[in-house]
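Participant: Predicted model and sequence follow; I will ask about them next.
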Amino acid sequence: MDIPFSVIILDDHRMMQEGLSSYLESHGCTVVARLASLSELEALLKNGVPVPEGTIAIVDKQLGTESGCDAVSMINASGRGIKCIMYSAFYSVPSVMQALERGAYGYITKDTDGKELLSALETVSRGNQYVQRDLQEKMNSASVLLSVLSKKEQQVAVCLLDGMDNGQIGEQLNISKRTVENHLSIIYDKLGITNKREFINKFSKSGGVTIQVFNKDSSMPDASMPVDGGKL
């Protein structure tokens, strides 16, 4: 399947950049930029570098010490019409929800095959969301659990599951720490639990377990960490 799309690759691993670029170009895509950090992205967006209409950015969720979600927000705020697909080493519902909440159009993990990446590009190019198939099933399950929560409570819940403490959640959502505590109290009450540990355990049973499918110090798959539906 050849798809003549323009693509930006944002990944802090050079080997991953090169591998993605080679694969996509072999299938008809034009890679207009290969970036490794938020500062490089900011320079591209602010310097008026020509970016073809309909360009899609493939964004690593973890850019060293920086967040790919911040990159997505930066791209959306630029008004350049670039759509983002999160390309992540993390296999988790919270990671997907956070990426979509920040404005990503798609989410796939780095252990997926090239055909799914091309399918994601094709779907996102039409303005539709694309979540990796097995993660979509987990999303559906998690949605049942979170459906009783308000929009703001869902945002707090996703931040909590993403490992943030109350202060970090407040900064992320631009609310006070006390407001975060109030939201958590309501969340726990609605779900019939009493604390963070019970919440995480309850969510994990619905398929929200986080699995990092790549080593921290390598862009190559870790064969000792298989993915089998959310369990190690």
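Facilitator: Yep, it's here. Bear in mind that the values here come from a model prediction, so they are computed numbers and not experimental data. Numbering: from 1, shown residues only.

Participant: Nearest to the spatial middle of the protein, which residue is it?
Facilitator: By C-alpha atoms, centre = their mean, the chain has its centre lying nearest to Ala99, at 3.6 Å.

Participant: Quick check: which element contains that residue?
Facilitator: helix 93-101 (DSSP states H and E).

Participant: cool, Ile108 as well?
Facilitator: According to DSSP H and E, Ile108 maps onto strand 106-109.

Participant: Dump that strand to CSV, restricted to CA.
Facilitator: Once non-C-alpha atoms are left out, strand 106-109 reads as follows in CSV (Å, rounded to 0.1, in the frame of the first residue of the first chain):
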residue,chain,number,x,y,z
GLY,A,106,-3.9,8.3,16.7
TYR,A,107,-2.0,6.0,19.1
ILE,A,108,0.0,2.9,18.2
THR,A,109,2.8,1.1,20.0
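
Participant: ok, back up a step: pretty sure Lys61 is one of the things the residue nearest to the centre of the chain touches, is it not?
Facilitator: Yes. When contacts are counted by C-beta atoms under 8 Å, Ala99 is listed as touching Lys61 (6.8 Å). Glycine gets a C-beta too; all of them are placed from N, C-alpha and C.

Participant: Mind listing the shared neighbours of these two?
Facilitator: Gly68, Cys69, Met86, Ser88 (C-beta atoms under 8 Å, 6 or more residues apart in numbering).

Participant: of all these, which comes closest to Ser125?
Facilitator: Met86 (15.8 Å; C-beta to C-beta).

Participant: could you point out which element follows the helix or strand harbouring Gln155?
Facilitator: Element membership of Gln155, judged by DSSP H and E, is helix 151-161. Next in sequence after helix 151-161, counting helices and strands by DSSP H and E, comes helix 166-173.

Participant: Next, the buried residues of that next one.
Facilitator: Within helix 166-173, the residues that count as buried by 16 or more other C-beta atoms under 10 Å are Asn166, Ile169, Gly170, Gln172, Leu173.
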